[in-house]
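In: Coordinates only, no sequence provided:
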């Protein structure tokens, strides 16, 4: 069965600190996709990144970076120099490779960044 | 290009009443999902459609819930009769059904309160 675990329920940091959100997944599929979504206080779900299982290169987008390690079944998300606007709930999700299947979401990590 | 559109954005109703939530997917997308988000259970998949056909409705709580997708640009989720435990945020998401797993994009959600 597929499963996504975000062990950190809540994280609080002060502005400009770096913070890493952990995501561990379980799947028997050899190929699969991983995603991160952000849910700010306004409530919408915003797509951040999609990653294929056969591409283990880390990715950087501005202050955001993602570290994908198949050996540990992890897909961690780091925010560098956090800002108050980063305060949100962040969800990690997993899906099978085949088109037309659903996402399995983790429970989410609530990040609070204070000034 | 317009994103996923959901209506109403907020709904307050009394127990026993019928509630209908509406969703218009992104134009060209042919896969549509309904999710429910609560504090206790997080994000749960209720049902999803590929090419207007329901694929997996195992997440639908009970017979009080029904979903339809009469055409590629419209879907409804109906609760009849509604109960206080149905209070939640209901999200619709759409995706292009292609050769590989594409990204789901979410609507703003409908906040339902059943009194």
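Out: That came in fine, so what should we check first? Everything quoted here is computed from the prediction, not taken from an experiment.

In: Please count neighbours and contacts with C-alpha atoms only from this point.
Out: Noted.

In: List the buried residues in stretch A:13-30.
Out: A:13, A:15, A:19, A:20, A:21, A:22, A:23, A:24, A:25 (16 or more other Cα atoms under 10 Å in any protein chain shown).

In: Leaving out the residues flanking it, which one is nearest to the spatially most central residue of chain B?
Out: Residue closest to the average C-alpha location in chain B (Cα atoms, centre = their mean): residue B:34, at 3.0 Å. Nearest non-adjacent residue to residue B:34, counting by Cα to Cα, 6 or more residues apart in numbering or on different chains: residue B:92, 4.6 Å away.

In: now the worst-scoring helix or strand of chain A on mean pLDDT, how far from the centre of its chain.
Out: Counting by mean pLDDT, DSSP states H and E, the weakest-scoring helix or strand in chain A turns out to be strand A:59-61, with a mean of 87. Strand A:59-61 sits 13 Å away from the centroid of its parent chain (Cα atoms, centre = their mean, to the nearest Å).

In: Packing partners of it?
Out: strand A:64-69 (3 or more Cα pairs under 8 Å, 6 or more residues apart in numbering or on different chains; DSSP states H and E).

In: Partner strands of the strand it packs on and their direction?
Out: Partners of strand A:64-69 in the sheet, by DSSP bridges, are strand A:59-61 (antiparallel), strand A:74-79 (antiparallel).

In: what's the following helix or strand after the longest one?
Out: Spelled out, it's strand A:74-79. Next in sequence after strand A:74-79, counting helices and strands by DSSP states H and E, comes strand A:88-96.

In: which strands and helices sit next to that next one?
Out: strand A:3-5, strand A:32-39, strand A:104-105, strand A:109-114.

In: quick revisit: quick one: residues in contact with the least confident helix or strand of chain A.
Out: A:65, A:66, A:67 (Cα atoms under 8 Å, 6 or more residues apart in numbering or on different chains).

In: Of the residues you listed, which is the most crowded?
Out: Counting neighbours by other Cα atoms under 10 Å in any protein chain shown, the top entry in the contacts of strand A:59-61 is residue A:66, with 20 neighbours.

In: Excluding covalently adjacent residues, which one is nearest to it?
Out: According to Cα to Cα, 6+ apart, the nearest residue to residue A:66 is residue A:77 (4.6 Å).
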